[in-house]
Every structure is written in structure tokens, then in C-alpha cells.
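[1] Would you be able to build a 3D model of this:
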Amino acid sequence: MADAERAARRDDGLEEHLRGPGHQQEGMKCRCANVEFGSYSNTLLMRLPFDLPEMGKVIGDPVCIDTCIAPDISVLWQEGVRTLNSCCGHQKLPPSVVVEGTSVRLMETLGYAHDTTYPDRADIFSFRKRRPPHKQGPL
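    Residues are numbered from 1 along each chain as shown. Below you'll find the predicted structure:
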């Protein structure tokens, strides 16, 4: 199968895939089987909704996103989050997303937790949402 045909099939399947439920819940599991880090064997091509000049990308350029987190990335983009990188973890690490520094505050506002795997990086988030603070009712 030619690369162009494979890319077209990925784009065709993306809309249907995105209609399914997202993965933004505790305990999300990747469905990758024998997929190594850096592999593009379980990815979808998605069109970038913003320019990333520092990476040589412009709006509309295709980028590879791990299939199992594509719905989550789509939601983040719709919220205005500018992502730089993401990984489902391939059943070896928790899924994570790297965002531009300008999107860190937005991710926090949306309730996403910083990825504790990288405690020195404020720009890396997990797909788990923080638990809201306990609100004490009337006494």
C-alpha cells in the first residue's frame, strides 16, 4: 500500500474514530500491541489547527497522533491548547502531552494534571484531570 493511500485511509477513519468516547478518565489504557516508542504504526494523521513555526509546521499540515489519544488531542485543540508532542505511552508509560508554554495556564484551567513522570517540566501534562477541591457544604 502506498504512503498516500495509507494516509488517505487514516484521514477517512479519523472522523469515525473521533465520534467515539474520549479517554479523559482515570485509568485510561493504551491499546497498542508491540508498538515501540518512535514508531508510527498506530497513528492517525490529523491536520494541525495552528501554526508551529518553531517546528516548521503551518496550519493544515498533517501530524501523526497516536490513535488511542487522537480524540483527546482533538478536544485540546478545540479548547485552544497548542500541543507540541504527545504519546499514548504504548502500555509502558502513562499517556502525556507536551504543550507550548503559552498553553500551560490553559491546561491548568481546564483541570489537567502535570505529568509526575517529569516533575521538572511544567509543559508536560497527563490526560488525567485533577480532582476538584472538596467543597464543604453548609454545616
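[2] Next up, the contacts around Ala51.
    I think there's a mix-up here, since residue 51 is Asp and not Ala. For Asp51, the contact set (CB atoms under 8 Å, 6 or more residues apart in numbering) comprises Lys57, Val58, Ile59. In this view, the C-beta of every residue, glycine as well, is placed from N, C-alpha and C.
[3] between those residues, which is closest to Thr116?
    Using CB to CB, Lys57 comes nearest to Thr116 of these, at 28.7 Å.
[4] give me the number of residues near the closest residue to the closest one other than its chain neighbours?
    For Lys57, ignoring the flanking residues on the chain, the nearest one in space by CB to CB, 6 or more residues apart in numbering is Leu48 at 5.6 Å. Residue neighbour count, defined by other CB atoms under 10 Å, stands at 17 for Leu48.
[5] quick one: pLDDT of Leu48?
    If you check Leu48, the pLDDT there is 95.
[6] can you tell me how far it sits from Val99?
    As judged by CB to CB, to the nearest Å, Leu48 and Val99 stand 14 Å apart.
[7] ditto for Tyr118
    Tyr118 is 13 Å from Val99, by CB to CB.
[8] Show me whatever sits in contact with both of those two.
    In contact with both Tyr118 and Val99: Ile124, using CB under 8 Å, 6+ apart.
[9] Thanks a lot, see you next time.
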